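[1] 3D model of this:
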Amino acid sequence: MNRRMKTYAVGALALLVTTTACGSGSSASSAVSAPPATQAGAAPTTAAPAQSSAPGADGAASAAAWKKWGLQPLAPAPAAPADKPVKLAKTGQVPVFSDVPTKDKVVFVTIDDGAEKDPKFVEMLTDLKVPISMFLTKDIVKENYGYFKPLQALGNHIQNHTVDHPQMSKVSAAKSKSEVCDDQTALTQQYGTPPLLFRPPYGDGANTAQLNTSVQECGPRAIVLWRESMQIHDMQYQAADKKLKPGDIILAHFRGPKDLKGETMTAMFGELLARIQEQGFAVARLEDYIQAP
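    Modelled structure (predicted):
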């Protein structure tokens with residue numbers, strides 16, 4: 001069976017991984033699609049007529065910027081596809097996926113929760129123009145919503161990651177809904193755009209009917225998991241060959257020295273980019289490959 005498309009299974013639990021604050025070992029290993037949301041096959045993407053000036057598009061980082069951070073430049077990302085390989089429906093069950101069907105040699109970087117708020121990381125992304133998607137948790141970011149606004153101003157999207165980071169398979173239906181809806185409301189008020197995507201902490205409950213219903217009722221139109229997770233110096237892979245694949249979604253976290261054994265957020269992110277560069281991949285913006293309803 002194609003790893004990117006499997007039948008939505010009510011009651012199947014996403015794999016729960018134990019790590020600090022948010023799961024970073026493995027997500028549910030299958031990409032699951034709900035009937036209303038159409039995902040195209042892994043066909044080559046068609047470039048849009050004009051590229052945006054967002055990070056990772058025509059505003060590529062200079063060689064000097066990469067040298068400043070001690071890194072080799074990444075391969076340039078292709079233009080955003082005009083025909084989006086993931087197409088989301090306005091109503092009905094939401095799809096669950098951990099990669100995007102594409103033959104473009106790109107991966108997508110997602111960063112969760114918002115615990116570490118290192119100004120040097122904002123400087124790094126401003127310099128390198130690497131696109132990320134931020135899945136933020138209300139109770140973790142509420143004391144400093146402003147930290148993420150310069151990152152958003154670079155063209156990066158802010159997505160939903162619950163209010164207080166529970167195991168979603170272990171909460172009541174009412175709690176499940178409030179976790180998604182209250183985070184959706186707060187992030188929309190603070191950042192001006194309703195999150196399109198949702199990620200459950202640890203990937204837990206991703207394939208349950210209860211969580212799918214909560215997400216439907218609160219606004220996001222897809223549940224996003226991951227194929228690889230960044231640790232401190234290397235990634236954990238779900239694939240047995242421990243290699244990136246086109247369209248893989250990578251999980252990282254806003255973390256600092258306390259959780260990274262003395263390493264900084266920028267050092268960890270630099271290691272992540274180095275692992276991507278070594279395998280010849282570019283980083284594209286996840287939302288550029290998704291068609292919103």
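[2] Low-confidence bits of the stretch 51-200 of the chain, can you list those?
    Where the stretch 51-200 of the chain drops to pLDDT under 70, the residues are 51-59.
[3] what about the helices in it?
    63-68, 119-128, 138-141, 149-153, 173-191 (DSSP state H, counting those that start in this stretch).
[4] Make CSV from those and add distance to residue 88 to it.
    To be clear about C-beta, it is placed using only N, CA and C from the backbone, and glycine gets the same treatment. Listed next are the helices of the stretch 51-200 of the chain as CSV, based on distance: least, C-beta to C-beta, whole Å:
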stretch, distance to residue 88
helix 63-68, 34
helix 119-128, 26
helix 138-141, 23
helix 149-153, 21
helix 173-191, 15
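[5] Quick one, which of those gets closest to residue 230.
    Residue 230 lies closest, by C-beta to C-beta, to one member of the helices of the stretch 51-200 of the chain: helix 119-128, at 13.5 Å.
[6] CA atoms only: put the closest one into CSV for me.
    Extracted in CSV, the C-alpha atoms of helix 119-128 (Å, rounded to 0.1, in the frame of the first residue of the first chain):
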residue,chain,number,x,y,z
PRO,A,119,16.5,36.1,19.6
LYS,A,120,19.5,34.6,17.8
PHE,A,121,17.1,32.1,16.1
VAL,A,122,15.1,35.0,14.6
GLU,A,123,18.4,36.5,13.4
MET,A,124,19.3,33.1,11.9
LEU,A,125,16.1,32.7,10.0
THR,A,126,16.2,36.3,8.8
ASP,A,127,19.7,35.6,7.4
LEU,A,128,19.1,32.2,5.9
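[7] so how far is it off the chain centroid?
    Offset of helix 119-128 from its chain centre (C-alpha atoms, centre = their mean, to the nearest Å): 18 Å.
[8] for it, packing partners?
    Helices and strands touching helix 119-128, by 3 or more C-beta pairs under 8 Å, 6 or more residues apart in numbering; DSSP states H and E, are helix 63-68, helix 149-153, helix 265-278.
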